[in-house]
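Participant: Turn this into a model:
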Amino acid sequence: MMLQITVRHRFAGFTLDVDVSAPPGVTVLFGPSGSGKSTLINAVAGLLRPDAGRIVVGDRVLLDTAARRALPPHRRRIGYVFQDARLFPHLSVRANLLYGRWFAPRGAQGARVEHVIEMLGIGHLLARRPGALSGGEKARVALGRALLAAPRLILADEPLAALDEARKAEILPYFERLRDDVSVPILYVSHSSAEVARLATTVVALQGGRVAALGPPEAVLGEVAATGARGIASVLRVRVAAHHADGLSELDTGAGALHLPRVAAAPGTVLRVRIAAQEVILSPAPPEGLSALSVLRGTIAEIAPGRGPAARVVLAVGDQRLIARVTQRSVAALGLAPGQTCHAIVKSVAIAPEDVGQQAPR
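Facilitator: As a prediction, the model looks like this:
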């Protein structure tokens, strides 16, 4: 179901002015602190009444200031997942989950309890209380409670920000399953490009209260205006080709193979991989005598000098784009130019486990 958000609101020294339309899936509000992410999500939740706006989920109008229509928060049918799970400490996991059912409208077609428990892998936790759960387990229970309220929309306000890297790696696959298996749209707030690359169907990059870029993650994360020069990255669609005895997995990009520490996916599985632009080395000739195993062959599509000494080089690798951030001196020394064949070298250890995730259905 489509998500349409048009909001304009003025604070002292700051104006939020956003107009976006996003398809079903996970829509990520992405940007630095102070860009307007929390203000926008509060407007959607009904916690902020904007000066002007219209918010529609599917065919349900949550806000239309022109028509003087504004549903109160408790009637918007929104499931909210916070940074801290906010579970009831005196209740068991099962009771926390079932608490969400109290907020489901009578007769609403929500998710079945058994399906939610299986999807989130929390069956063995049902008798425990929140104090005995890890951060990742608490996040999964909070997500299940939100689902069982039969929401028309789920709001996730930086739900992984309080977790360490190990707990993030634990919870991210469950958000992927939610994105792929549940029809409820998700509005997800993050300032982590790794989370964006893993989860997003659509990215709304905010800067200073306005939309700096809008589109799929593979397009938005490559834009300096959306991420800042040091944050640009590529998101490649790959297919698991093989797992090797030395612990490496071979991923086919269509323009060469990436060799990464073993990924938990069967051969043939389609994944998405985030590659930070500063981790890509370029060579006009096929490289020899290097320890790096991952070499992709492409054609230079664009070279964009930055404000400082850096340049952004975009390679067409098959039907995808790979971005490298190098110095302008290197561009000149190598004689790089659009249309030229070039080889991109990627270090396997530069790609962390959280940079590899399931490809969203198309």
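Participant: these two touch, right, residue 41 and residue 189?
Facilitator: Yes. In this structure, residue 41 is within contact of residue 189 by CB atoms under 8 Å, at 5.6 Å. For the C-beta atoms, the positions are set from N, CA and C on the backbone; glycine is no exception.
Participant: Quick check: neighbours shared by these two?
Facilitator: Residues touching both residue 41 and residue 189 by CB atoms under 8 Å, 6 or more residues apart in numbering: 29, 155, 157.
Participant: is it possible to export those to JSON lines including secondary structure, pLDDT and neighbour count?
Facilitator: JSON lines is the format used below for the shared contacts of residue 41 and residue 189 (DSSP: H, G, I helix; E, B strand; the rest coil; pLDDT from 0 to 100; neighbours: other CB atoms under 10 Å):
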{"residue": "29", "secondary structure": "strand", "pLDDT": "94", "neighbour count": "31"}
{"residue": "155", "secondary structure": "strand", "pLDDT": "93", "neighbour count": "22"}
{"residue": "157", "secondary structure": "strand", "pLDDT": "88", "neighbour count": "19"}
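Participant: Which of these sits closest to residue 310?
Facilitator: Checking those against residue 310 with CB to CB, the nearest one is residue 29 at 27.2 Å.
Participant: show me where the stretch 251-362 of the chain has helices.
Facilitator: 328-334 (DSSP state H, counting those that start in this stretch).
Participant: any weak-confidence spans in it?
Facilitator: Confidence mapping of the stretch 251-362 of the chain against pLDDT under 70 gives the ranges 361-362.
Participant: run the last query once more with 80
Facilitator: Along the stretch 251-362 of the chain, the model assigns pLDDT under 80 to residues 307, 359-362.
Participant: next one: the stretch 101-250 of the chain
Facilitator: For the stretch 101-250 of the chain, the ranges with pLDDT under 80 are 101-111, 162, 224-230.
Participant: Tell me where it has helices.
Facilitator: 113-120, 135-147, 165-181, 193-199, 217-220, 224-227.
Participant: closest to residue 355 out of the ones you listed?
Facilitator: helix 193-199 (5.8 Å).
Participant: got the CA coordinates for the closest one in PDB?
Facilitator: These are the backbone C-alpha positions of helix 193-199, laid out as PDB (Å, rounded to 0.1, in the frame of the first residue of the first chain):
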ATOM      1  CA  SER A 193      23.800   3.900   5.700                       C
ATOM      2  CA  ALA A 194      24.400   0.200   6.400                       C
ATOM      3  CA  GLU A 195      20.800  -0.200   7.700                       C
ATOM      4  CA  VAL A 196      19.500   1.700   4.700                       C
ATOM      5  CA  ALA A 197      21.400  -0.500   2.300                       C
ATOM      6  CA  ARG A 198      20.100  -3.700   4.000                       C
ATOM      7  CA  LEU A 199      16.500  -2.800   4.600                       C
END
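Participant: Can you give me the buried ones in that helix?
Facilitator: 193, 194, 195, 196, 197, 198, 199 (16 or more other CB atoms under 10 Å).
Participant: can you check stretch 23-36 too?
Facilitator: 24, 25, 26, 27, 28, 29, 30, 31, 35, 36.
Participant: Next: stretch 263-279.
Facilitator: 263, 265, 270, 271, 272, 273, 274, 275, 276, 277, 278, 279.
Participant: do stretch 355-362 as well
Facilitator: 355, 356, 357, 358, 359, 360.
Participant: wait, isn't the fifth one in contact with residue 271?
Facilitator: Looking back up the chat, that one is residue 359. Yes. Look at residue 359 against residue 271 with CB under 8 Å: they come within range, at 5.8 Å.
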